[in-house]
Every structure is written in C-alpha cells, then in structure tokens.
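>>> below are the sequence and a predicted model for it; my questions follow.
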Amino acid sequence: MASQLKDKKKMSTRAQMLITGGLTIMLGFTVTIGVLSWQSGKEQKTLAEKYLQQIAQSRGLQVQQELSHARDVASHLGQSLIALPHAGITDRKVVDKIMEYSLRANPDYLSMSVIFEPNAFDGRDAEFVNQPGQAPQGRYAWFVDRDQAGQFAMHPLLSILTPGQGDYYQIPQQSKKDTLIEPYSYAYNGVPTLLTSVAAAIIEQGTLKAIVTSDISLASLQQKVNQIKPWQGRGFAVVASEVRNLAQRSASAVKEIAALIEESSVRVESGVRLVNDAGKTMQEMTQAVNSVQGIIGEIVSASDEQARGITQVTIAVNEMDGTTQQNAALVQQMSAAASSLEDQAQQLAQTVEQFHLA
C-alpha cells in the first residue's frame, strides 16, 4: 500500500514536471512568435518607408535635373547672344530668331525671355525709347511664346521695372546669380497659368550683361510628380510577398533558435572545461612566476655581495698602491743615505791616510 502511494506521488510529480515543461515551452514559443511577428511588421514598415523615400528621391532628382537643364538652356542662350556684338551683329531681329529657335528646341517650356542691361547689346536703346511696342527705356527686353495656333510670338516685357511683377528680372539682376523664381501667375493666350522661371545671370568680365529665363508651367511639373506610383501598381503584391517571406523566415528562425540553444549548451560545457583548464594553467604560471621571482631575488643578493666584494678589493688595491708608493719613497731615502755613507767613507779614508804610524 505504501509503495503504491509512493508510485502515485512519483507519477504526480512527473506529471507536474511535464505540464510545467510543456507550458514553459508553449509560452516560449508564443513569445517567440509574437516577437518575430512584431519584428516582421517593423521590418515591413521600414522596407516600405525606404522604398517610398527612394521613389521620392528619384522623382525629386528628376525635377531637379529638369530645372538644372532649364538653367543651362537659359545660360547657353545668353552666352550666345552676348557674343553677337563681338561678331559685329547688332540686329535685334537676329536675337528674336535665336530665341524662337531655342524655344522650338525645348517644347516643354511655356516661354523664354531675354532682358539686356541698358545699352548692353547694341548701344541703341535711345532710338527705341517711347516707341510703340517697345520695352521700358528702349532696352531689349522681350519674351517669346506660342500663340493659339502654335506659332511663335514676340512680346515686350513691360513690367521689368515694377516691384513684384518684375521679380523674374529684378531678383537675379540684384544678386547677379542664377535664381529659381517663386511661382507666379501669367495669362498665356488669355489663360491664367501658374509658372516658375529659372533665371540665368549672364556676366562678362565681371559685368552683368543680361538676364535670360526659361519659363516652366507648374502644371507640367505637377504632372511629372503625379506620375509617381509606389511599387508601380504592385504595392499589395509586394507587401504580401514580403510578409510571406518574413513568415517563412520566422518559421526557419524558430528551428534555428532551437538548434542554436542546443549548440550553445554544448559550447557552454566545452567553455567550462576550457575555463577549468585555463585556471590550472594560470596556477602553474603563477607558481613559475613565483619561482622566477625567487631566482631573481637570489641573483640580486649575489649581485649585491659581488658589488661589496668589488668595493673591498678596490679599497685593498688602493691601500697596496699607497704602500708601494711609501716603499718607493723609502728606497729613494735609503739610496740617498747609502750615497751619503759612501761619501763619508771616502772622506774618512782620506783623513786616515794623512796619519802615519810611528
């Protein structure tokens, strides 16, 4: 009976462990799926934002290139026109024809205008002052557009000196720099049209000669912007495809995570063994270092003793040198004494010879 109760308790404990383990695994799997789903949604949103940014940058670059091209067209036209007087050509009708040719080469432009500074083209502004159909001050200030039949038509610019209305001339004329004019309205063939002008300042040897503009309809620019179609009509298909791919990657990631956990356990065990081995090696290295330190200490002590011995030998050598010097001095003294005795002996012998025994 007691053994049966023990078996039931063991089974109950095992069941509890299995249930706990199962719930833990299910919870972990649920959290993993939730995290992966959140990451998938975040990644998809980031992908969509980057794609739209690329489209916007591409279209913006396209518009910028068109505006840059308009500036280049105006600049090239202006450079060609200021070269005419140097070639002896000062006929204003020639300028009209060159402007018509430039507008024909750029059919997207509404119009093009050329405003020379006073007497900057032919020096004949005074001849055209107050003449019907001429620009203020008799200057060459004209623009060319197309009439309702599509034919080119020349018109004098009467508002170049009027603040606000003449900004397309006054702003670049004052700054002497190429300028993109703020949008403004003008009636082409009686139809109010919103446009912008790309103005090029034509400068020769530091002197402003003329302002040339390329006039572009904002409607045409807006039409180009409206051509932007995210994913080119494939937006939902692209999103669905990416979500499906992310889901597949999520499932694969779950399997990879399980494999990585198992591999990590093996590596942890291997790492523990390596750490233990490293600890033993460090102990051996510590002992070796201590032994080396002891040897170095003995070498230092021996070196100290040798230094003291060398000092004593030096002192003894110095003493022997002093004794040798003293002996040399004594020898010299003895030599001198011997010489003196020899002299005295000779004197004594001479003295003895003077005495005769009876």
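Thanks, I have it.

>>> quick one: Leu84 from Leu208, how far?
Using CB to CB, to the nearest Å, one obtains 17 Å as the distance from Leu84 to Leu208. Yep, even glycine has a C-beta here, placed from its N, CA and C like the rest.

>>> now Ser80
Counting by CB to CB, the gap from Ser80 to Leu208 is 17 Å.

>>> same deal with Ala141?
14 Å.

>>> the two: which has the busier surroundings?
Taking other CB atoms under 10 Å, Ala141 and Leu208 do not tie; Ala141 has more neighbours (24 against 17).

>>> next up, phi/psi of the more buried one, please.
Dihedral pair for Ala141: phi -140, psi 90, per degrees, to the nearest 10.

>>> what sits against it?
113-116, 135, 156-157, 160, 169 (CB atoms under 8 Å, 6 or more residues apart in numbering).

>>> swap the cut-off to 7 Å and go again
Counting by CB atoms under 7 Å, 6 or more residues apart in numbering, Ala141 touches 115, 135, 156-157, 160.

>>> tell me the most packed of those residues, by neighbour count.
Taking other CB under 10 Å to define a neighbour, the member of the contacts of Ala141 with the most is Ile115, carrying 25 neighbours.

>>> okay, that one: pLDDT?
Model confidence at Ile115, given as pLDDT, is 97.

>>> beta partners of it?
For Ile115, the beta-bridge partners under DSSP bridges are Ala141, Ile211.

>>> quick one: buried residues of the biggest strand by length in the chain?
Among all segments of the chain classified by DSSP state E, the strand with the greatest residue count is strand 191-204. For strand 191-204, a neighbour-count test (16 or more other CB atoms under 10 Å) marks 193, 195-202 as buried.

>>> any chance of CSV for these, columns distance to Ala288?
Compiled in CSV, the buried residues of strand 191-204 are given as follows (distance: CB to CB, whole Å):
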residue, distance to Ala288
Thr193, 93
Leu195, 88
Thr196, 83
Ser197, 86
Val198, 82
Ala199, 84
Ala200, 83
Ala201, 83
Ile202, 86
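
>>> between these, which is nearest Gln347?
Taking CB to CB as the measure, Ala201 is the one of the buried residues of strand 191-204 closest to Gln347, at 133.1 Å.

>>> tell me how far the closest one lies from Ala210.
The span separating Ala201 from Ala210 equals 8 Å under the rule CB to CB.

>>> of all pairs in the contacts of Ala141, which one is the farthest apart?
Greatest spatial distance in the contacts of Ala141: Ile115 and Pro156, 10.4 Å, computed using CB to CB.

>>> strands along the chain, start to end?
In chain order, the chain shows strands spanning 111-116, 141-146, 152-156, 179-180, 184-188, 191-204, 207-217, with DSSP E as the criterion.

>>> quick check: closest non-adjacent residue to Gln79.
Counting by CB to CB, 6 or more residues apart in numbering, the nearest residue to Gln79 once its immediate chain neighbours are dropped is Ile202, at 6.6 Å.

>>> I figured Arg139 hits Phe116, correct?
Yes. Taking contacts as CB atoms under 7 Å, Arg139 lies within contact range of Phe116: 5.9 Å.

>>> where do the helices of the stretch 201-350 of the chain begin and end?
Listed in chain order, the helices of the stretch 201-350 of the chain (DSSP state H, counting those that start in this stretch) span residues 218-226, 235-353.

>>> mean pLDDT for these: which is lowest?
Of all these, the segment with the smallest mean pLDDT is helix 235-353, scoring a mean of 70.
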